[in-house]
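A.B. asks: Everything below, folded, please.
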Amino acid sequence: MGRAVGIDLGTTNSCMAVAEGSEIVVIPSGEGLRVMPSVVGFTAKGERLVGLVAKRQAITNPRNTISSVKRLMGRKYDEVISERLNVAYEIKPNDRGDAMVKVFDREYSPPEISAMILQRMKARAEEFLGDQVTEAVITVPAYFNEVQREATKAAGRIAGFEVKRVLNEPTAAALAFMEPSERKRLAVYDLGGGTFDISILQVVNGIFEVKATSGNTHLGGDDFDARLVDWILKEFQNTQGLDLSRDPVSLQRIREAAERAKCELSTTLEAAINLPFIASDESGPRHLEMNLTRGLIESLIEDLVRMTSEPCEKALADAGLKPEDIDHVLLVGGSTRIPLVRKTVEDIFRQKPAHSVNPDEVVGIGAAVEAAVLAGTRKDLVLLDVTPLTLGVETLGGVMAPIVERNTPIPIKRSRLFSTAVDNQQVVSIHVLQGERELAEGNRSLGRFELVGIPPAKRGTPRIEVSFEIDANGILSVSAKDAVTGRAQGMRVNSSGGLSEEEIRKLMQEAEANAELDRTRMKLVEARNAADQVIYDAGKVLETAMKKLDRESWEDLDNALVGLRQVRDGSDRTRIAKETARTSDLVSQVARLLEVLDKSAPSGGGGAPGESSGDGNIYVLEEDPDAD
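C.D. replies: The predicted model follows:
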């Protein structure tokens, strides 16, 4: 039987954890980090890169490097294009109007790109645990709608996971932060790269009950970065007279520099951006050099941060609580490191937020806790979540009739009776909606289906029962039944977010077929990384050896280093590994010769203690401890 992991599929970074006995262990990315950048890159050679290696090549390959794909999950092209996303790749509509990512001559759906990230995480987990990983709990923003949740679940399926639960991120954070034995009220303020959520929870005797949730799925650190990028572009154009916004490579360099500066300004008051040769014209190369202050970035993002206040107040009101009723405020997401954000949270809840957990890892850890609960290995807690948005159907006059109100505990099944709008009507159209607006057009359409064969009768006579059923994942099924004939029809919200069930199965097969290619590719990357380390070590040792040893002692190492550099960028992993091992052995041999030489040399040298410098033959060994 395979293992189960918890995954925080983040906008900027993703984190994975597993229960090992009573402990939760974060599974490192295998690239020297505990989190993995949520980035996928495609090269001209047809290679697919995931994680840190994809992020590193983004500057030279911005159009074919996909980041922040979470903001496209389960969304229409018209919705996405109205926002100014801070990305360089091309977004296109498919024939259903869904947002797609275009890379070279192929279009990818957002769940497909997310599946590539999840597939890499699955392979890494299996490598780390030495066991097959088949199940996962995957987190989503609490304010994700039904289509976005289903799109996330589809991504997990494509990657080869059995998705045991789609869990709200703030709820996962609470599971990681709170002890089941505590009796507390907790506010989880989750501001990540692309989304914002606020959830109010109550913990009593091991029962984690979500009282209310609210948020904004179009607000996050990416928006802060976009504001800073715009400012940098305008300043450069004002001072240098050049517009860099149409140069993909320059723009990507500025994006990365802006993100680094934003992070630096969370701990310092000033940060510098230095990008040499950012552009050129008839007068020669141009360099971008700017000093940024914390005050500047706070002025640029102040209104965005202030937008988080209203959802917090709304969640408190829905929970029937006041700020002083909250025992702890937990910060989640990398953007909560920004001092202005922390001050805003303190102003809203009138207390300092907790700093005892890593905001980048807490959601993944909580997902692993829930995975342990579902696997039956942990029995000391129960999770009661809520649906974040109101669900209903369109009625006469384009009005939405609510059936399940927002913040209703799930799982739940709820029904409401409807009737026909005209005489002798034999078909009714059920238009399923999600949102808080009274008019149907102001809400998100989740789908339509028809109930046919209704006996002719005067309007208002037939009795049609419409039922909404939401499972523990927040996944919705809708049915309609005629009380007279017993005829019924139903739908489940499109599980694809842009993919049919047949397309999902095809992509699952492709992912499985490509899994071995991906593993081979990652082994090649690892071999190149090992070669890079040996090349670095050899260069340092050789530099010293050339000064202190005769040529015969270091010539073999010099030749081996030349050979390793020649094969390092090739695709023959075996040859790279062989040359790496040979060069590494020679590095050790030369290093030992240098060590022996150092030990046999007279103590001191070049003015060091024990060597005559010509100006005297004594030196101060140490200060006299009894001297004044």
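A.B. asks: Every contact and neighbour count from this point should use C-alpha atoms.
C.D. replies: OK.
A.B. asks: And what about residue 584, helix, strand or coil?
C.D. replies: Recorded secondary structure, residue 584: helix (DSSP: H, G, I helix; E, B strand; the rest coil).
A.B. asks: make that residue 403, sorry
C.D. replies: With three-state DSSP as the basis, residue 403 sits in strand.
A.B. asks: okay, now it: neighbour count?
C.D. replies: Neighbourhood size, residue 403 [other Cα atoms under 10 Å]: 18.
A.B. asks: Look up how far residue 381 lies from it.
C.D. replies: Distance, residue 403 to residue 381, by Cα to Cα, to the nearest Å: 30 Å.
A.B. asks: Equivalent analysis for residue 402, please.
C.D. replies: 32 Å.
A.B. asks: Could you verify my assumption that residue 416 touches residue 467?
C.D. replies: Yes: using Cα atoms under 8 Å, residue 416 is in contact with residue 467, at 6.6 Å.
A.B. asks: Neighbour count: the two, which is higher?
C.D. replies: Remark: of residue 416 and residue 467, residue 467 carries more neighbours, 19 against 15, as counted by other Cα under 10 Å.
A.B. asks: give me the beta-bridge partners of that one?
C.D. replies: Beta bridges link residue 467 to residue 415, residue 479 when assigned by DSSP bridges.
A.B. asks: Just the mean pLDDT for stretch 199-212, thanks.
C.D. replies: Across stretch 199-212, the average pLDDT comes to 90.
A.B. asks: Need the pLDDT of residue 94.
C.D. replies: So residue 94 comes in at 90 (pLDDT).
A.B. asks: ok, now which ones touch it?
C.D. replies: If you count contacts by Cα atoms under 8 Å, 6 or more residues apart in numbering, residue 94 has them with residue 100.
A.B. asks: Could you pull up phi and psi at it?
C.D. replies: Backbone torsions of residue 94, given as degrees, to the nearest 10, read phi -90, psi -170.
A.B. asks: do the one 10 residues further on as well
C.D. replies: Comment: the main-chain dihedrals of residue 104 come out as phi 50, psi -120, following degrees, to the nearest 10.
A.B. asks: can you check residue 89 too?
C.D. replies: Backbone torsions of residue 89, given as degrees, to the nearest 10, read phi -80, psi 170.
A.B. asks: can you count the residues close to the closest residue to it other than its chain neighbours?
C.D. replies: The shortest distance from residue 89 to any non-neighbouring residue, by Cα to Cα, 6 or more residues apart in numbering, is to residue 63 (4.4 Å). By other Cα under 10 Å, 20 other residues sit near residue 63.
A.B. asks: Let's see the pLDDT reported for residue 250.
C.D. replies: pLDDT for residue 250: 91.
A.B. asks: Give the other helices and strands that the helix or strand encompassing residue 226 contacts.
C.D. replies: Remark: residue 226 resides in helix 221-240, with elements defined by DSSP states H and E. Under the contact definition 3 or more Cα pairs under 8 Å, 6 or more residues apart in numbering; DSSP states H and E, helix 221-240 sits against helix 248-264, helix 294-306.
A.B. asks: can you pull the buried residues of stretch 545-559?
C.D. replies: Residues of stretch 545-559 classed as buried by neighbour count (16 or more other Cα atoms under 10 Å): 545, 553, 554, 557, 558.
A.B. asks: same thing with stretch 311-330?
C.D. replies: Within stretch 311-330, the residues that count as buried by 16+ other Cα under 10 Å are 311-316, 318-319, 323, 326, 328-330.
A.B. asks: So what touches stretch 435-447?
C.D. replies: Here stretch 435-447 makes contact (Cα under 8 Å, 6+ apart) with 146-147, 389-391, 394, 398-401, 431-434, 493-494.
A.B. asks: Relative to the whole chain's centre, how far out is it?
C.D. replies: Distance, stretch centre to chain centre, for stretch 435-447: 28 Å (Cα atoms, centre = their mean, to the nearest Å).
A.B. asks: And that stretch, what's buried?
C.D. replies: For stretch 435-447, the neighbour count (16+ other Cα under 10 Å) marks 435, 436, 440, 443, 444, 445, 446, 447 as buried.
A.B. asks: what's the most distant pair in those?
C.D. replies: Farthest apart among the buried residues of stretch 435-447 by Cα to Cα are 436 and 447. That separation is 16.9 Å.
A.B. asks: Spell out the secondary structure type for residue 28.
C.D. replies: Here residue 28 is recorded as coil under three-state DSSP.
A.B. asks: Quick one: residues in contact with the longest strand along the chain.
C.D. replies: Scanning the chain for the longest strand, with DSSP state E as the assignment, gives strand 270-281. Contact with strand 270-281 is made by 244, 250, 253-254, 257-258, 261, 264-265, 285-294, as judged by Cα under 8 Å, 6+ apart.
A.B. asks: circling back to that earlier point, compare the mean pLDDT across the helices and strands packed on helix 221-240 and name the weakest.
C.D. replies: helix 248-264 (a mean of 92).
A.B. asks: Verify the contact between residue 362 and residue 171 for me.
C.D. replies: No: Residue 362 sits out of contact with residue 171 when judged by Cα under 8 Å, with a separation of 10.5 Å.
A.B. asks: follow-up on the earlier one: residues in contact with the residue nearest to residue 89?
C.D. replies: Residue 63 is in contact with 88, 89, 90, 103, 248, counting by Cα under 8 Å, 6+ apart.
A.B. asks: Where neighbours are concerned, which of those has the most?
C.D. replies: Top of the contacts of residue 63 by neighbour number is residue 88, holding 20 neighbours under the definition other Cα under 10 Å.
A.B. asks: hang on, the earlier thing: farthest-separated two in the contacts of residue 63?
C.D. replies: Checking the contacts of residue 63 with Cα to Cα, the most distant pair is 103 and 248, at 14.5 Å.
A.B. asks: Return stretch 44-61 as PDB; C-alpha atoms alone will do.
C.D. replies: Backbone C-alpha positions of stretch 44-61 (Å, rounded to 0.1, in the frame of the first residue of the first chain) are rendered in PDB as follows:
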ATOM      1  CA  ALA A  44      13.800  24.700 -27.500                       C
ATOM      2  CA  LYS A  45      15.200  21.100 -27.300                       C
ATOM      3  CA  GLY A  46      11.900  19.800 -26.100                       C
ATOM      4  CA  GLU A  47      13.000  19.400 -22.500                       C
ATOM      5  CA  ARG A  48      10.600  20.100 -19.600                       C
ATOM      6  CA  LEU A  49      12.100  21.600 -16.400                       C
ATOM      7  CA  VAL A  50      10.300  21.800 -13.100                       C
ATOM      8  CA  GLY A  51      11.200  23.700  -9.900                       C
ATOM      9  CA  LEU A  52      14.400  25.500  -9.200                       C
ATOM     10  CA  VAL A  53      16.000  24.500 -12.500                       C
ATOM     11  CA  ALA A  54      13.000  26.000 -14.400                       C
ATOM     12  CA  LYS A  55      13.200  29.200 -12.400                       C
ATOM     13  CA  ARG A  56      16.900  29.700 -13.000                       C
ATOM     14  CA  GLN A  57      16.500  29.700 -16.800                       C
ATOM     15  CA  ALA A  58      13.500  32.000 -16.800                       C
ATOM     16  CA  ILE A  59      15.600  35.100 -17.600                       C
ATOM     17  CA  THR A  60      16.900  33.700 -20.900                       C
ATOM     18  CA  ASN A  61      13.600  31.900 -21.700                       C
END
